[in-house]
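Peer 1: Using only what follows, build the 3D model:
(one chain, ligands or ions: 1)
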Amino acid sequence: MRILLSNDDGYFAPGLAALAEGLASCGEITVVAPERDRSGASNSLTLDRPLQLARAHNGFLYVNGTPTDCVHMAVTGLLDFEPDIVVSGINNGSNMGDDTLYSGTVAAATEGYLLGIPAIAISLVSHEFVHYETAARVARELVERVARSPFGGPVLLNVNVPDVPYDAIAGFEVTRLGRRHKAQPVVPGKNPRGETVYWVGPAGGAREAGPGTDFHALERGVVSITPLQVDLTHAGQIPLVTQWMAS
Ligand code: MN
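Peer 2: Just a heads-up that it's a prediction; the model follows:
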């Protein structure tokens, strides 16, 4: 298998190294990742300047762009082959519910998916980030499963893994995204010049977290696997808006 790895935490992130190590036995690994932490970059492409590519000592390629740039560049010209799968992560922190809209980790996988390649985003649900090897093993099992029984078309899996030893995982569950409460307010502060600055506040807690959701799985120490799609059309509101336009 030819595997393209990326992330949003940057090419130097420990989660990316753990992922590359965990997937080494699955095939040929190519890493193209952002040169700095681009968490929260979502599906952004850099269109106002050229992108540059460099190679780190460990062979990882890095780009002065977004996670989406990395996968886009790799697949549409940089590599002389089409990867069999794109894997993004292992992210420092969860990507559940509404996080998936902001996430650069999910965005890197989404770019693979949009370009017709099966893709997996994998995140470690924690603030301490201890058991990368657990998430790496989960990634390996999923990639091996894709190799064994391919989906026959592009698929985008959003995977969240509890930060516990592998043997302490309580199972695997295919889920839907939950929803978060509204984000916390921005946090004002003073910069050294005495000017007021603002930090974007933390995401809200889980609001819709009932059985079947990603939040519910993680709450129970279960690995959550959510198949994602990209169509944002609110099909259920087409009649409402049609009626509204006719009124
Ligand atoms: Mn991140």
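
Peer 1: contacts, neighbours, all on C-alpha from now
Peer 2: Will do.

Peer 1: could you pull out the helices for this protein?
Peer 2: 14-23, 67-73, 99-102, 104-114, 132-148, 214-219, 238-246 (DSSP state H).

Peer 1: can you list contacts of the second one?
Peer 2: Applying C-alpha atoms under 8 Å, 6 or more residues apart in numbering, the set of residues contacting helix 67-73 from outside is 4, 6-8, 32-34, 38, 41-46, 62-63, 104-105, 107-109, 111-112.

Peer 1: Hmm, Ala183 and Val200 touching each other?
Peer 2: No. Val200 lies out of contact with Ala183 (C-alpha atoms under 8 Å); the separation is 9.1 Å.

Peer 1: Just tell me which of the helices of the chain ends up closest to the ion.
Peer 2: Among those, the nearest to the ion by C-alpha to the ion is helix 104-114 (6.1 Å).

Peer 1: Output the closest one in CSV with nothing but the alpha carbons.
Peer 2: This file holds the C-alpha atoms of helix 104-114, laid out as CSV (Å, rounded to 0.1, in the frame of the first residue of the first chain):
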residue,chain,number,x,y,z
GLY,A,104,-7.2,20.8,10.0
THR,A,105,-6.8,17.1,10.8
VAL,A,106,-10.1,16.3,9.3
ALA,A,107,-9.5,18.8,6.5
ALA,A,108,-6.3,17.0,5.4
ALA,A,109,-8.3,13.7,5.2
THR,A,110,-11.2,15.4,3.5
GLU,A,111,-8.9,16.7,0.7
GLY,A,112,-7.8,13.1,0.0
TYR,A,113,-11.5,12.1,0.0
LEU,A,114,-12.4,14.9,-2.4
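
Peer 1: Run through who's touching that helix.
Peer 2: Contacts for helix 104-114 (C-alpha under 8 Å, 6+ apart): 6-8, 38-43, 66-68, 70-72, 75, 85-89, 91, 95, 100, 118-123, 154-156, 158.

Peer 1: Only the buried subset of those residues, as a PyMOL command please.
Peer 2: Entered in PyMOL, the line below selects the buried ones among the contacts of helix 104-114, by 16 or more other C-alpha atoms under 10 Å:
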select buried, resi 6+7+8+38+39+40+41+42+43+66+67+68+70+71+72+75+85+86+87+88+89+91+95+100+118+119+120+121+122+123+154+155+156+158
